[in-house]
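> sequence unknown, structure follows:
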């Protein structure tokens with residue numbers, strides 16, 4: 001079982017930046033593909049970004065490309081999402097997710113955090 005704890009959410013004006021972090025309890029963190037998802041009010045959860053085991057591969061949803069950057073630190077068991085040039089439509093609960101897999105991109109995720117709220121005002 002992997003415990004994921006997100007932090008770093010909050011309220012920001014449009015155009016600003018926030019950095020989300022996720023701490024994982026996995027003993028073999030480097031064997032996990034890590035991802036970020038978000039769910040806005042009244043909408044389904046959607047993929048935001050993912051990063052491969054050692055960070056050599058990344059993936060982004062089209063609307064965040066060029067604005068968000070995912071990274072990981074396997075020594076600290078953490079994954080981060082740097083969010084720049086935030087827009088009101090980025091408002092959502094952001095979830096960290098993990099999948100122990102040999103496949104890239106991960107077909108699905110097994111472990112999820114509780115989420116952290118990001119609110120972007122116009």
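Good, I have the coordinates. Everything numeric here is computed off the predicted structure, so don't read it as measured data.
> quick one: low-confidence ranges for the protein?
Flagging of the chain using pLDDT under 70 yields an empty set of residue ranges.
> can you give me the strands for it?
4-7, 10-13, 18-24, 32-39, 46-51, 58-60, 68-73, 78-83, 92-100, 111-112, 116-121 (DSSP state E).
> which residue sits farthest out from the middle of the chain?
Taking Cα atoms, centre = their mean, the residue of the chain most remote from its mean C-alpha position is residue 122, at 22.7 Å.
> Name the nearest residue to it, sequence neighbours excluded.
Nearest in space to residue 122, with sequence neighbours left out and distances taken as Cβ to Cβ, 6 or more residues apart in numbering, is residue 88 at 4.7 Å. Quick note: C-beta positions are derived from backbone N, CA and C, even for glycine.
> now that neighbour: how far from residue 58?
25 Å (Cβ to Cβ, to the nearest Å).
> now do residue 24
On the measure of Cβ to Cβ, residue 24 and residue 58 end up 17 Å apart.
> now do residue 79
When residue 79 is compared with residue 58 (using Cβ to Cβ), they lie 11 Å apart.
> now swap in residue 118 and tell me
Distance from residue 118 to residue 58, by Cβ to Cβ: 20 Å.
> So these two - more neighbours on which side?
When residue 118 and residue 58 are compared on other Cβ atoms under 10 Å, the one with more neighbours turns out to be residue 118, at 22 against 15.
> residues touching the more buried one, list them.
Going by Cβ atoms under 8 Å, 6 or more residues apart in numbering, residue 118 touches 9-10, 12, 18, 20, 38, 83, 86, 90-94.
> rerun at 7 Å
9, 18, 90-92, 94 (Cβ atoms under 7 Å, 6 or more residues apart in numbering).
> now do residue 113
Taking Cβ under 7 Å, 6+ apart, one finds 4-6, 22, 95-96 in contact with residue 113.
> Sounds good, over and out.
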